[in-house]
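Colleague: Can you look at this prediction? I've put the sequence above it.
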Amino acid sequence: MSQQGYVAAPPYSQAQAGMGGYSAGFGNPPPQSHYGAYGSPPQGYSAPPTGKVNLLLLSSVRKLASFIFNNNLFFFALVSFPPPVASAPSMSPYGQPPQSAFYSMAQAPPPTQQLTNQMSAMNIGGYGKLDGQRPMQVPQSPSSSAAPQQYHTSPPPAMGHPPLSPPGQQLSSFGSPPPMATMGSVAAPPMGMSGPPGPGVHQPPLGPQGYPQQPGPQMAGPQSGAFQGGFPGGPAQMAGPPQKKLDPDSIPSTTQVIEDDQAKRGGQVYVTNIRGQVPPLVTTDFTVQDQGNASPRFMRCTTYSFPSTADLAKQCKVPLAAIIKPFATVPKNETPLYIVNHGETGPIRCNRCKAYMCPYMQFMDGGRRYQCGFCSCVNEVPVQYFQHLDHMGRRMDLYERPELSLGSYEFIATLDYCKNNKPPNPPAYIFMIDVSYNNIKSGLVKLICEELKTLLDRLPKEEGAETSPIKVGFVTYNKILHFYNVKSALAQPQMMVVSDVAEMFVPLLDGFLVNFQESRAVVNNLLDQIPDMFADTNESETVFAPVIQAGVEALKAAECSGKLFIFHSSIPTAEAPGKLKNRDDRKLVGTEKEKTLFQPLRGVYEQLTKDCVAQGCCVDLFLFPNQYVDIATVGDVPSHTGGSIYKYSNFQVEVNGQQFVSDLRRDVEKSIGFDAIMRVRTGTGFRATDFFGAVYMNNTTDVEMAAVDCDKAVTVEFKHDDTLSEESGAVMQCALLYTTIGGQRRLRIHNLSLNCSSQLSELYKSCETDALINFFAKSAYRAMLNQPLKTVREILVNQTAHMLACYRKHCASPSAASQLILPDAMKVFPVYMNSLLKTPTLVGSTELSTDDRAFHRLLVNAMGVEETQVLLYPRLIPLHTMDVSSDAIPAPVRCSEERLSESGIFLLENGLSMFLWLGQACPPDLIQNLFNVPSLGHLSSEGMSLPVLDNAHSRKIHSIISSISQQRATSMKLLIVKQKDRSEMLFRQHLVEDKGLHGGASYMDFLCYVHREIRQLLT
């Protein structure tokens, strides 16, 4: 029996653009995929002629789509029947060289004629769909003529994982499915028979005796008078049952998963006293009560049940990782971290593995000794720490000591934990302003100086302190540097110029870094003068590396850590160390050398990174480019020192001013620790092997960060080095040593315990999709520095198929191979993975700027789970139907063009951008209420803004925008787009369930593609 493809819907004559071996409708057919078979020769397949229906295919193939929820399994059925072997169409191979086809998927829409044909054969029920709106096209897959192929060569190794099984070690197939597969209590009917439909199933009309009418053998001969694009002519009953298409509402919905979790776990208290407990989703609103494991705000895992052996881990290909945000913001209704002070003796630690005292230590021998929960070493309890045990073997002071009863807490560190064994000085903030021609002319310099006058009053301070201990300093620069003496004793600030940028030094010690409260008058005087001093400048060249060098030298001289705020506009072309030239070459896109566009230039910048980390000097970079600035290189120091990068292209004060000022305020005020070093310890049997984030690694274990703030997350991958015990589980401890704003050295500890199991079903049941996609994004963004993008994309698709195929093979009840079965916890994983493949960084289009792609790459590298979740699946919120009297934000809809309606208004946000989309037929009264103009036609397409008006609609929308903005790490500028305007393209690229504007498949196409990969792996 030839292996049937999983053709999802009629009409069969139409080739769907870019799927597998189908012709794209115009131009050359796409290259043949050898993806699933890893380099085996392409299978021959000739596309049926467009517009002519081959009766054989019609009569022989029938499908229906169904969902069966049962036993915590998620089924996505694409059932197909084998064609009669009689008169198979002649197969002729395409004659193209084999090539991986994933990225040729779904590039071009089918020709109009085909589209019309498809629409006539479907009536997809859309959500609020308009007449005349394009229904979702249903992907099709060719039936493969060759017998199922085995691996001939081994595939590319999975990202951060050992290579896949060697040749000859094929996955065994299920064999043919049993006629009646019983799953739990629901019996699935044999294919083709009518059974109880699951949600979203359209039942075929029944023939005699209640069976659906099935195409009979008499249909094998060709019919005369076939209508173009329709069914063949002839008696109506010969056409078989009406063909059913895949309903977009019936494939897994991210918004539904988010809503269900909010309904089930929202508003509840999540108590962390159970090992291996899966927390609510990041999108769910819940309160954490720490009872022995760190809050999911600090640590989230890709799965909460680790496989007990390395072989099982290798088999399932699910990465084992934790995403750690050590400084995550704790909501006001939760207890802040307790601070433990053990005096001069310092924290109690295991003698062997150096883990800190925590709830996983087991006390024994009447309380005189304890066994380490990580390495099992038995340690003496120091005399001053001794306490008797109760009848359960627990210490009597268990609940009085945070380190014995909580998952997260802080220790005050002793001088042994300080540099040179002396207490650190409070940190300093240095503001370094590029005063070249562009920044003066745009009004940026004036804006920065005005804003700093008020902002310096809001520097972060210790809990309960009156003023901030942070010192401040100021530098301006173009191709030379100007330092300012703002000592409180001076009547006027003094400027000192350093023109020898090759040998950077700080020309003054006393008076450069000052306490703002003491020097307020002199500092304000300086901020008033700077815009005037450079008002007539013609200097357009700038330096960059010497600016960072100057900041590091200043902090060294003051013997403190700190942060540089650099406001920079152009590529540094002036003669100086770190001089850059334009290396933006779009011709490299899609070639082996594309990776060089994202590799930072080493040398000066690499040394600067080391110097910054050693001094605890974090660099925050605010960029205002009008053209290419080589973000891959200038962003390298910030992205290795725990810094942030902000970018405002073609900056205009009236357009981007507010967004920049909001970002600057938040950046200056946010909670932060300096000169940090983090280590992740694990129990026996596994260890941390890889780290992703805005960090610097000098060796394989110490994660160094010049600073760490509330937005920065480090993703840590774990590997087995032995068998894990199911009884004791897997424990991990993240210890972060840092300096507080007040100059105190502290240790912040986060502990987490997970389950271990020899059953893969346990692992899949406790997976977390949002954490998984964070790991895949970061590992792909690192891999792209060393491998061609095409390979990176293939590895991602490959690993997705492997994870799901393993679940299918080892955990799911047997069922027809034509069903796509997804684990319940991962049922929306494909939509996130497809979205990741379409991100600007990975999509590889010459239309996207190299700087934008590099910027996106550096941003994602430092993101936590919440940020990657909303970035890869933006919220699309309908505002035209909202209840203005309610406080709630309306429920988001699926992120697809299908969900938009011409008479609607939608807000889309992904944590970086925010759009207000206005449908063409928007009610005039709504437009009047929001924009104070009579109709949509009165709104100009350029530079629209949303005024604050005194009516319920306007107040409600502003309150929604404001509450969303407060949840996000960066300020989002609101872009207003009208349907069918040019600017709508920017908005549409965020509709992640649709085809990508710059390439990439729709969610539906990707799901079918992955399904085909899974089937190839299983045969």
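Modeller: Looks like it arrived, so ask away. Numbers count the residues shown, from 1 in each chain.

Colleague: and the nearest residue to Tyr417 once chain neighbours are set aside, what is it in contact with?
Modeller: Closest residue in space to Tyr417, ignoring its immediate chain neighbours: Arg745 at 5.2 Å, by Cβ to Cβ, 6 or more residues apart in numbering. Using the backbone N, CA and C atoms, a C-beta is placed for each residue, glycine as well. By Cβ atoms under 8 Å, 6 or more residues apart in numbering, the residues touching Arg745 are 412-413, 417-418, 423-424, 737-739.

Colleague: Narrow those residues to those in strands?
Modeller: Per DSSP state E, strands hold the following members of these: 412, 737-739.

Colleague: re earlier: filter the contacts of Arg745 to the buried ones?
Modeller: Buried by 16 or more other Cβ atoms under 10 Å: 412-413, 417-418, 424, 737-739, out of the contacts of Arg745.

Colleague: These into TSV, with extra columns for pLDDT?
Modeller: Shown next, in TSV, are these (pLDDT from 0 to 100):
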residue	pLDDT
Ile412	96
Ala413	95
Tyr417	93
Cys418	91
Pro424	94
Leu737	97
Tyr738	97
Thr739	96
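
Colleague: Greatest separation within those: which pair is it?
Modeller: Greatest spacing in these, by Cβ to Cβ: Ile412 and Pro424 (13.0 Å).

Colleague: any common contacting residues for these two?
Modeller: Common neighbours of Ile412 and Pro424 (Cβ under 8 Å, 6+ apart) are 744-745.

Colleague: I'd say Phe931 and Leu946 touch.
Modeller: Yes. The pair Phe931 / Leu946 is scored as a contact, 7.3 Å apart, by Cβ atoms under 8 Å.

Colleague: Those two: who's more crowded?
Modeller: Applying other Cβ atoms under 10 Å to Phe931 and Leu946 shows that Phe931 carries more neighbours, namely 20 against 14.

Colleague: ok, now how distant is the closest residue to that one other than its chain neighbours from Ile961?
Modeller: Leaving out its chain neighbours, the residue that sits closest to Phe931 by Cβ to Cβ, 6+ apart is Leu939, at 6.0 Å. The gap separating Leu939 from Ile961 is 18 Å, by Cβ to Cβ, to the nearest Å.

Colleague: Please apply the same query to Ala1001.
Modeller: 32 Å.

Colleague: likewise Asn755?
Modeller: Counting by Cβ to Cβ, the gap from Asn755 to Ile961 is 42 Å.

Colleague: cool, Leu926 as well?
Modeller: Computed as Cβ to Cβ, the Leu926 to Ile961 distance reads 16 Å.

Colleague: Low-confidence ranges, the stretch 651-800 of the chain, go.
Modeller: Within the stretch 651-800 of the chain, no range satisfies pLDDT under 70.

Colleague: now the helices for it?
Modeller: 653-669, 760-765, 769-783, 789-810 (DSSP state H, counting those that start in this stretch).

Colleague: Show me which parts of the first one are buried, residue by residue.
Modeller: Just to be clear, that refers to helix 653-669. Using 16+ other Cβ under 10 Å as the test for burial, helix 653-669 gives 656-657, 659-661, 663-664, 666-668.

Colleague: Could I get the pLDDT score of Tyr103?
Modeller: Tyr103 carries a pLDDT value of 43.

Colleague: and stretch 517-531, how far from the chain's centre?
Modeller: With Cα atoms, centre = their mean, to the nearest Å as the basis, stretch 517-531 stands 42 Å off its chain's centre.

Colleague: about what we covered before: need the buried ones among the contacts of Arg745 in TSV (columns: distance to Phe565).
Modeller: Formatted as TSV, the buried ones among the contacts of Arg745 follow (distance: Cβ to Cβ, whole Å):
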residue	distance to Phe565
Ile412	29
Ala413	28
Tyr417	28
Cys418	26
Pro424	21
Leu737	25
Tyr738	20
Thr739	19
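
Colleague: And those, which is closest to Ile749?
Modeller: Within the buried ones among the contacts of Arg745, proximity to Ile749 (Cβ to Cβ) peaks at Leu737, which comes in at 10.2 Å.

Colleague: dump the residue contacts of that closest one.
Modeller: 413, 417, 676-678, 745-747.

Colleague: Could you do Lys563 as well?
Modeller: 427-430, 617-620, 643, 672, 674, 707.

Colleague: what does Phe386 give?
Modeller: Contacts for Phe386 (Cβ under 8 Å, 6+ apart) come out as 367-368.

Colleague: just checking, what packs against the helix or strand harbouring Lys556?
Modeller: Using DSSP states H and E, the element containing Lys556 is helix 545-558. For helix 545-558, the elements it packs on are strand 428-434, strand 471-477, strand 481-485, strand 562-568, helix 604-615, strand 617-623, judged by 3 or more Cβ pairs under 8 Å, 6 or more residues apart in numbering; DSSP states H and E.
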